[in-house]
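Engineer: Please find the sequence and the predicted model below.
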Amino acid sequence: MVASGSVTTTAEEASFSTIGSFFRNQTFPANWHRAAAPVTGATVGPIIGQLVAGVGVPAGRNNPNGIYVADPLPPAPFNSSFACQAYYDQFANIPGVLLNTTGILKENVDLLANIAFATVSSVNAACNQQVLPFGPAGV
């Protein structure tokens, strides 16, 4: 993602205003252009590692008493890499009731589940078990 003016095409960096335009305003920034080449996991992985290290607090939430509790690590083999853990976490938070759908919605759920598994298993051979949505409904 490159926005002319606040970001140069060679810096491969985004300003807060550029990011804010995407997330806060849900619009493309002025003079925004797509990256010249696809952004891959090899590009993003080290950046994610830096962000996780910089935060220094594991993912989690406050329990009903307001006490912070870290999320448990996923079971093996989903704890074998960040990509595999993210894959598992994604499907743990998609309502499992989607598996009971029919028609085009069911086809789309299956298609996206297969794409996600093919992607993560291609970058991590240890992540060899496909999961389908199993998260709670109505959350």
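Structural biologist: That came through fine. The model shown is predicted, which means the values in this text are computed figures rather than measured ones.
Engineer: hang on, residue 62 packs against residue 69?
Structural biologist: Yes - in terms of Cβ atoms under 8 Å, residue 62 counts as a neighbour of residue 69; the distance is 7.3 Å. No exception for glycine: its C-beta is placed from N, CA and C like everyone else's.
Engineer: Now the element after the worst-scoring helix or strand of the chain on mean pLDDT, going C-ward?
Structural biologist: Here the helix or strand of the chain ranked lowest by mean pLDDT, DSSP states H and E is strand 2-3, holding a mean of 44. Sequence order places helix 16-23 as the next helix or strand after strand 2-3, per DSSP states H and E.
Engineer: Please name the strands paired to the next helix or strand after that following helix in the sheet, noting orientation.
Structural biologist: Per DSSP H and E, helix 16-23 leads on to strand 32-33 as the next helix or strand towards the C-terminus. Strand 32-33 has its sheet partners listed here by DSSP bridges as strand 2-3 (antiparallel).
Engineer: mind listing what the spatially most central residue of the chain touches?
Structural biologist: Nearest residue to the geometric centre of the chain (Cα atoms, centre = their mean): residue 86, 6.3 Å. Residue 86 makes contacts with residue 120, as judged by Cβ atoms under 8 Å, 6 or more residues apart in numbering.
Engineer: and if you look at residue 27?
Structural biologist: Taking Cβ under 8 Å, 6+ apart, one finds residue 21 in contact with residue 27.
Engineer: Next, it: phi, psi?
Structural biologist: phi -140, psi 160 (degrees, to the nearest 10).
Engineer: before we move on, back to that, quick one: what helix or strand has the residue nearest to the centre of the chain in it?
Structural biologist: With DSSP H and E as the test, residue 86 turns up in helix 82-92.
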